[in-house]
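S.K.: Pasting a predicted model and its sequence here:
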Amino acid sequence: MKNITSIILIFSIGILSCISEKKETPKIESKKEESKKKEVIPVQIEMSTIITNDEIIEKIEQPKIDTTNTFIVDDYPIPDELLKGKYGLIKSGRLISHDKAWFTNKELSQTIIFELYTDYHRFITYHFDNSNIPRGLIEQIELHIDGGEIASSETKEKEFTGLVNKSTEIESKRFTSNKGIALNDSKEDIIKIYGNPDKKRTEEGFEILEWYFEGDEIYEGKFENSKKQIARNSFGYRVTLYFKKGKLISQILFNDIP
């Protein structure tokens, strides 16, 4: 009897231990699942902070430029619409003008010439008094003769007035530049705009002042640390002014391109 009782007791204990193991197993599995979930969350967060190559390239291509020490180059209030059909080949005697737009005003007796580049870019601008044109200014204007050869100084001087007479007549108000500079302005007033000139010289009775400005397209320093202002949207800007008795007679604006 005692043996039977002992056997039953041992058997019951075995059954109870199996049941307890089954109950504990789900708890162990659930803890594993929770640990896996916790491991997945940091990976998701890390992926959200990855910067793609395209984003890096975009940041490089769009730098923040400090323009505190830059200025817009001077120009004239002559819109591109007026340039259409007004440049190309203009001829006077043997003298030929290519890729230039000529504008004049008889009342002022003044002429503006734009030497144009792609998309009407005003590469060089000449503005002068028709009755007092510096020879040095005429020499700088590239003109040709039949056959495409560069015109000689003699041909230029002889036929230049003929080209001026073929210029397009426009309003006098367009002969004052965007910076407010007009012929007959005083030297002192213009120095207030550009500062002291980089170079001075006298030629054929004209006092010639020149300014040189680096362009922001190639400038490698910090604008705010530059001793001089930087020309905006330019590869280099040069101003040459001719004075007679302290009054502006002619000016040449050179806005470089790549």
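M.R.: In hand now; what should we look at? Numbering: from 1, shown residues only.

S.K.: Select the longest strand from this protein.
M.R.: For the chain, the longest strand by residue count, based on DSSP state E, is strand 95-105.

S.K.: Check which element follows that strand along the chain.
M.R.: strand 110-116 (DSSP states H and E).

S.K.: Going toward the C-terminus from that next one, what's the next helix or strand?
M.R.: Following strand 110-116 toward the C-terminus (DSSP H and E): strand 122-129.

S.K.: What sits closest to residue 110 if chain neighbours are left out?
M.R.: Nearest residue to residue 110, sequence neighbours excluded (CB to CB, 6 or more residues apart in numbering): residue 175, at 5.4 Å. Heads up, the C-betas are built off the backbone N, CA and C, glycines and all.

S.K.: picking up where we left off before, buried residues in the longest strand of the chain?
M.R.: 95-97, 100-105 (16 or more other CB atoms under 10 Å).

S.K.: Helices of the protein, start to end?
M.R.: 2-48, 53-61, 80-83, 135-140, 153-165, 187-194 (DSSP state H).

S.K.: possible to save the buried residues of strand 95-105 as JSON lines with pLDDT?
M.R.: As requested, the buried residues of strand 95-105 are exported to JSON lines (pLDDT from 0 to 100):
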{"residue": "95", "pLDDT": "94"}
{"residue": "96", "pLDDT": "95"}
{"residue": "97", "pLDDT": "95"}
{"residue": "100", "pLDDT": "94"}
{"residue": "101", "pLDDT": "95"}
{"residue": "102", "pLDDT": "96"}
{"residue": "103", "pLDDT": "97"}
{"residue": "104", "pLDDT": "97"}
{"residue": "105", "pLDDT": "98"}
